[in-house]
Structure formats: C-alpha cells, structure tokens
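A.B. asks: mind looking at a prediction? Sequence and model below.
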Number of protein chains: 2
Amino acid sequence: MIGVDWGTTSFRAFRIARDGTIRDRRTALRGLLNVPDNRFADTLREEVGPWLAAGEDHVLLSGMIGSRQGWMEAPYLPCPAGAAEVGAGLMAIEFDWGQVKLVPGLSATDEAGVAEVMRGEETQVFGVLEAMGGGGLACLPGTHSKWVRVEDGRIVGFTTHMTGEAFGALRGHTILGRMMREGPTDGAPFDAGVRRAGEPGGLLHHIFGARSQVLAGELAETDAAAYLSGILIGHEVRAALAGRHGEVVHVIGAPELTMLYAWAISAQGGYPERHDGEAAARGLALIGGHATWN
Amino acid sequence: MIGVDWGTTSFRAFRIARDGTIRDRRTALRGLLNVPDNRFADTLREEVGPWLAAGEDHVLLSGMIGSRQGWMEAPYLPCPAGAAEVGAGLMAIEFDWGQVKLVPGLSATDEAGVAEVMRGEETQVFGVLEAMGGGGLACLPGTHSKWVRVEDGRIVGFTTHMTGEAFGALRGHTILGRMMREGPTDGAPFDAGVRRAGEPGGLLHHIFGARSQVLAGELAETDAAAYLSGILIGHEVRAALAGRHGEVVHVIGAPELTMLYAWAISAQGGYPERHDGEAAARGLALIGGHATWN
C-alpha cells in the first residue's frame, strides 16, 4: 500500500510492504498551501505515479488533506478511538488510478469540557503504539503541539498547546523580536528558559525577561530566541505534566524539536522517549490493515 | 508648574497649581512615534506655549520621552525609590523657554533576580500614594502591564507582563485571529476567559479554545476576541496575585481597561480600587515638589 502524511506545508509518502516495512519514501514541499487550484489529484499522481504504475492500488492519506481546506473534508471521529475505529471510518475519494481513502481526524473534550480536534497526529500515535505498550502519554511538538493519552490501544483524549505558533507571533510581531539575532536554538539559554518557566510570575511575565535581560546586558541578542523558546516549551511541558510526574512521555517528531522537548520533559520530572516521523508510516500501515478495500 | 505624561503614542499635559490642583489640561496624539525628526522641543512649545507665555517656568516630563528613543535618555534609578529620590534624580534638558526636567525610569530585579525596568508608571503610582495609604499593590494594565509594590511611600519592586502586546500578536498574527469578528470586549465571553485561566492546562492550551470552540459552534466569532482577552488577563492577574489573596489592588489607567482588570482581580479573590489617568498629574506635582528649580 501507499501511505501519505499530507499536511499544511509538507507531503511525505511511503510505499509500505504487507508486513509493514517501508519499501520506499518520497518527501516534497507540496503541502496544502503549496498546491495551486486544489490540484490534489494531479499532485498525488505526480508524486507516487511510479508506485501506482508498479501495481500499488491502496492509497491512504492522513493529515490536513482531510480538512475543509484540503481535498475533501473527512468528519472528525469522537474519542475514544483506536486504529480499528479509524480504519472503519475512512472516507473514499474519487481517483482514476487506484483506491484512495482519507483518514478522519479525531475530536474530544478536555478535562474542562472544552472542544479539541486533531488531524494527522492520531496516525503518528498509532505508529508508536507498540513502543507504548498500548497505553501512556504521547507528545507531538509543533506549531500546535498535541499531548495524547492512550489506553488499551485507543486514543482517549488529548490537548492542544499553541506553543510553536505563539513563539512565531511573539518573535515576529512584538518588541521581543527587535532585540533578537540569529543564534543556536538549544544549549544554555534554552535550558535557562525552561528553568524560568518553573518560577513564579507566569508566562506573560517570564517572556518579558527576553527583553529586559538583553537591555541589562545579562542575555546576548543571539541567545534571546532560544531563551524565549525555552520559556514557552517549559510552560507547555509543565502544564501538560501537572500531576503526572515520573511518567514516560513518547515524543514524536523531527529530531531537532523532540530533542528540545525531551530536555524540557526531563527537567520537569518526566521520562522522554523519542520517536521520529516514520511513526506516520507505521500508523498508516496499521490503519490500512483495518480498512475495507474493494 | 507644567507636568507632561509623554509616552510612545500620546502626549498628556497638565497645568498644575501650587496646591496640586489641575488648572488646565491638553491631550494630543503626539507621542514619540508621531514626532517627526525628533522635534520634541517644537512639539512641547506648540502644545504648552500659552501656559509658558502665561508665566509657567517649571516643566516636568515623565514617560518614554526619557528613553533612548525619546528626547534624551534619563538613566534608570534603582528601587527602592520614592518621590524624593526621583525628584533628586531628575535630568535637566536644554530648552529656550523655561526649565525642563526629565523624570528617570526605575529599575529593579524580580523575585528570581531577573532585570525589570519601567518609565512613566512610577509617576502614576506616586499619584495614588495617598489613596494607597503609602503602601500596597498597584496594577497598571496595558501593552506591558506593571504590578508595583509600595512600602512606606517608596516603590520597592515591580513586574512586567506583556499581556496587551501578546494579545495583539496572537489576534493579528496567528490562526486565532482568522475566526474573530468585531464584538464587545467585555461581558460573558470575557468572564468565561477569566474563569478558563483558573483551570488546569496552561495558557498555551487555553488560548487554543478560542479557535476550537468556534469550530465546535460553542463560541461566536464576535465573542472570540473577548474570550482570548479574558484568558490572557486572567492568567496575568492569577500569576501576579499568587499568594496575595484578599489584598487590595490599586488599578490605574483608562476606565475601559481598569474595568476589565477589576473584574478579573475580583474573580481571583483580590479587592480592586480603580484610579484614572489623572494620577499622572498628581505624581508629577509630587515629584516636582521634591525637585530643585533654579
């Protein structure tokens, strides 16, 4: 089968054998935002045409491609949901060269009853189910980080944290960014930001330190962005791990980002285990195994 | 004397009698950002020329006019500092039509030793010293809100919260703003945001609710901005009042904003007392009384 993790900015396709091993892969910067005139069928044909020509007939798409801004909207499935429920809830889509199905996103409510949605992350979480032993806590850092709770192989709930997007808005559109110069994203200033998040005063006060300490000559302009990043990630991890100290957290994503999160999780008393983006391929294979193909 | 609260966006001048009563006032949108080519002397002459012509000779300027981006930089005085210390630390400035002096800003370190600075707010706090009985907690909401601790008539410390600027960046430059339409800034959605700030999950999670609840049909697009504002102000007040429940908070500023803060402070167990911007005039009069004029 062919599995595609198709998001807002990137397109990652995997050719997957029956036993779940990855036979081939393709990555392109052809996310939703970069596909002109909604030419999703053409894009898919161009990217995985050779695999289709070689006889692959089952194509599974996960991620924002199934949103209102994507190819077609696949309604959210309510939690709790495992790979079986998701596999039974796929949405078939018109395509002239093989069977194409969309993975639906998941919906939930958080502890306070506030609505939550995700699209694509569920597939990555299913990809690390085995490593999780079927249950536990997963973290998918990014523009909108997700913290996902799994029980008996099913996603039972999750929360979204706008950490990445808030970082971009604060750096790009407040006075904080005016004093920042390019520098490393990790190291001592990031750690200092994470520690700062554990002190009194609150996030809105802590971030001001990325300016006041530069003014006071206590923080280099090249270190201010890493410090701000540490504050925000530190606050996210602290809130997400409240009451869960000592828990293992499965962090899924690009290595640069999971490394920062692993550090912040350790600093807050959690035990991080890192997984890379190939989790999506394993999740697509698992869901595909539960699907009904013609 | 003439007192001017001269900030980044506005210019507010007061003609003050010897006994501290305000004899006249002028307001203009001639803050630092709107004074071309640093023509501060011309601007001052144009705005308060009639008062100078009538014999006023003592002019005191507070606010960002004394910053590096202003007329001349008046170095920060370290806390603790009262009106006497500030009055003794004024910086005289060249002007052809009367004596003009700049009020210095204050510097401090917060509980964790992180640098803090302010310019202009100290003058407003001195203006409500009498109402405060010489001690207590003051809050000056805004782009960069200040929470100021006063003991025996002197400012002993303060913290900055980037609430107003963070709100602008999140509304203007993240996905949250795309679902917002003009609506009231107060009322039930604001209150709901303040309550939300008291729940688990953290600020970066709570703000996502301003999107997810609109998607779920649980929050109107015209209410989303007030809800986001409530979340941010709620988090600020919660952090600033931690361990200070039951304390009176003197909130100084424009009525629309002090009303929102008073509500959030009450909701967190504090006792708000509101003061308007004329506090600046009383503070300038108090500092001016401690100054040495030729």
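C.D. replies: Yes, it's here. Residues are numbered from 1 along each chain as shown, chains lettered A, B, ... in the order given.
A.B. asks: list of residues touching stretch A:172-187?
C.D. replies: With contact meaning C-beta atoms under 8 Å, 6 or more residues apart in numbering or on different chains, stretch A:172-187 is reached by A:170-171, A:189, A:207, A:210-211, A:214-215, A:220-226, A:228-229, A:256, A:259-260, A:263, B:162, B:165-166, B:168-169, B:172-173. Placement of C-beta: from N, CA and C, glycine included.
A.B. asks: among the residues you listed, the buried ones, what's the ChimeraX command?
C.D. replies: Selecting only the buried members of the contacts of stretch A:172-187 in ChimeraX, with burial defined as 16 or more other C-beta atoms under 10 Å in any protein chain shown, works like this:
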select /A:170,171,189,207,210,211,214,220,223,224,225,226,228,229,259,260,263 /B:162,165,166,168,169,173
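A.B. asks: specify the beta-bridge partners of the residue most central in space within chain A.
C.D. replies: The C-alpha lying nearest the average C-alpha coordinate of chain A belongs to A:Leu140 (C-alpha atoms, centre = their mean; 4.2 Å). Under DSSP bridges, the beta-bridge partners of A:Leu140 are A:Lys146.
A.B. asks: list the contacts of it.
C.D. replies: By C-beta under 8 Å, 6+ apart, the contact set of A:Leu140 is A:Glu121, A:Gln124, A:Val125, A:Lys146, A:Trp147, A:Val148, A:Val251, A:Ile252, A:Gly253.
A.B. asks: got it, and A:Val114?
C.D. replies: If a contact means C-beta under 8 Å, 6+ apart, then A:Val114 has B:Arg196, B:Gly209, B:Ser212, B:Gln213 as its contacts.
A.B. asks: dump those residues into CSV; add distance to B:Arg26, pLDDT and secondary structure as well.
C.D. replies: CSV is the format used below for those (distance: C-beta to C-beta, whole Å; pLDDT from 0 to 100; DSSP: H, G, I helix; E, B strand; the rest coil):
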residue, distance to B:Arg26, pLDDT, secondary structure
B:Arg196, 42, 97, helix
B:Gly209, 44, 96, helix
B:Ser212, 47, 92, helix
B:Gln213, 45, 93, helix
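A.B. asks: which among these gets closest to B:Gly277?
C.D. replies: Nearest to B:Gly277 among the contacts of A:Val114, counting by C-beta to C-beta, is B:Arg196 at 29.8 Å.
A.B. asks: and the closest one, what does it touch?
C.D. replies: The contact partners of B:Arg196, taken as C-beta under 8 Å, 6+ apart, are A:Ala112, A:Val114, B:His206, B:Gly209, B:Tyr227, B:Gly230, B:Ile231, B:Gly234.
A.B. asks: repeat that for A:Leu90.
C.D. replies: Contacts were defined as C-beta under 8 Å, 6+ apart; by that measure A:Leu90 touches A:Leu60, A:Ala74, A:Lys101, A:Leu102, A:Val103, A:Pro104, A:Ile287, A:Ala291.
A.B. asks: quick one: it and A:Leu61, what's the gap?
C.D. replies: Taking C-beta to C-beta, to the nearest Å as the criterion, A:Leu90 is separated from A:Leu61 by 9 Å.
A.B. asks: hey, what's in contact with both of those two?
C.D. replies: Common neighbours of A:Leu90 and A:Leu61, using C-beta under 8 Å, 6+ apart, are A:Lys101, A:Leu102, A:Val103.
A.B. asks: for A:Gly127, what are its contacts?
C.D. replies: Listed by C-beta under 8 Å, 6+ apart, the contact partners of A:Gly127 are A:Ile252, A:His275, A:Glu278, A:Ala279, A:Ala280, A:Ala281, A:Arg282, A:Gly283, A:Leu284, A:Leu286.
A.B. asks: in helices, which of those residues fall?
C.D. replies: Within the contacts of A:Gly127, residues falling in helices by DSSP state H are A:Ala279, A:Ala280, A:Ala281, A:Arg282, A:Gly283, A:Leu284, A:Leu286.
A.B. asks: may I have the phi/psi pair for the residue lying closest to the first one once chain neighbours are set aside?
C.D. replies: Counting by C-beta to C-beta, 6 or more residues apart in numbering or on different chains, A:Gly127 is the residue found nearest to A:Ala279 once chain neighbours are left out, at 3.4 Å. Note on A:Gly127: backbone dihedrals following degrees, to the nearest 10 are phi -70, psi -20.
A.B. asks: show me where the stretch 101-250 of chain A has strands.
C.D. replies: Shown for the stretch 101-250 of chain A, the strands assigned by DSSP state E, counting those that start in this stretch span residues A:106-109, A:115-118, A:136-140, A:145-151, A:154-161, A:248-252.
A.B. asks: for the fifth one, name the packing helices and strands.
C.D. replies: With contacts taken as 3 or more C-beta pairs under 8 Å, 6 or more residues apart in numbering or on different chains; DSSP states H and E, strand A:154-161 sits against strand A:81-82, strand A:106-109, strand A:115-118, helix A:121-127, strand A:145-151, helix A:224-240, helix B:203-206.
A.B. asks: what of the second one?
C.D. replies: Here strand A:115-118 touches strand A:106-109, strand A:154-161, helix B:209-215, going by 3+ C-beta pairs under 8 Å, 6+ apart.
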